[in-house]
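Participant: need the 3D shape of this:
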Amino acid sequence: MKAVVTVVGKDKKGIIARVSGALFENDINILDISQTIMQDMFTMIMLVDLEGSELAVKQLSDKLHIIEQDMELSIHVQREEIFSSMHRI
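Facilitator: Below you'll find the model as predicted:
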């Protein structure tokens, strides 16, 4: 199953390392990633593959919530199908 992970927050060191590290620790592969800094705001969107992981989307969201709180970010995880349906014109 694929999911979309979005990360937004004030730019600071270690955001990519913490998020990608959590994915690595849970056998989740990053298929595509885009990140930018708009003024002092960090934004990142990733397409990830949970196929090799034992985690479901909700469990991944719960694990990333710890990083979200620690680093004062907004992190959301959605199944790819739901994300695509919501963003169709």
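Participant: hey, let's count contacts and neighbours off CA atoms from now on
Facilitator: Noted.
Participant: quick one, helices of the protein?
Facilitator: Taking DSSP state H as the test, the helices found in the chain are 15-25, 57-71, 80-86.
Participant: closest to Val4 out of the ones you listed?
Facilitator: helix 80-86 (5.6 Å; Cα to Cα).
Participant: pick out the shakiest of the helices of the chain, pLDDT-wise.
Facilitator: Mean pLDDT values for the helices of the chain show the minimum at helix 80-86, a mean of 60.
Participant: what's near enough to touch the closest residue to Val5 other than its chain neighbours?
Facilitator: Excluding the flanking residues, the one nearest Val5 by Cα to Cα, 6 or more residues apart in numbering is Val77, at 4.6 Å. Val77 is in contact with Ala3, Val4, Val5, Thr6, Val57, Lys58, Leu60, Ser61, counting by Cα atoms under 8 Å, 6 or more residues apart in numbering.
Participant: surely the first one is in contact with Val57?
Facilitator: Yes: with the criterion set as Cα atoms under 8 Å, Ala3 and Val57 qualify as a contacting pair; they are 7.4 Å apart.
Participant: more neighbours: those two, which one.
Facilitator: Ala3 (22 against 17; other Cα atoms under 10 Å).
Participant: ok now do the more buried one, which residues does it touch?
Facilitator: The contact partners of Ala3, by Cα under 8 Å, 6+ apart, come to Leu47, Val48, Asp49, Leu50, Val57, Val77, Gln78, Arg79, Glu80.
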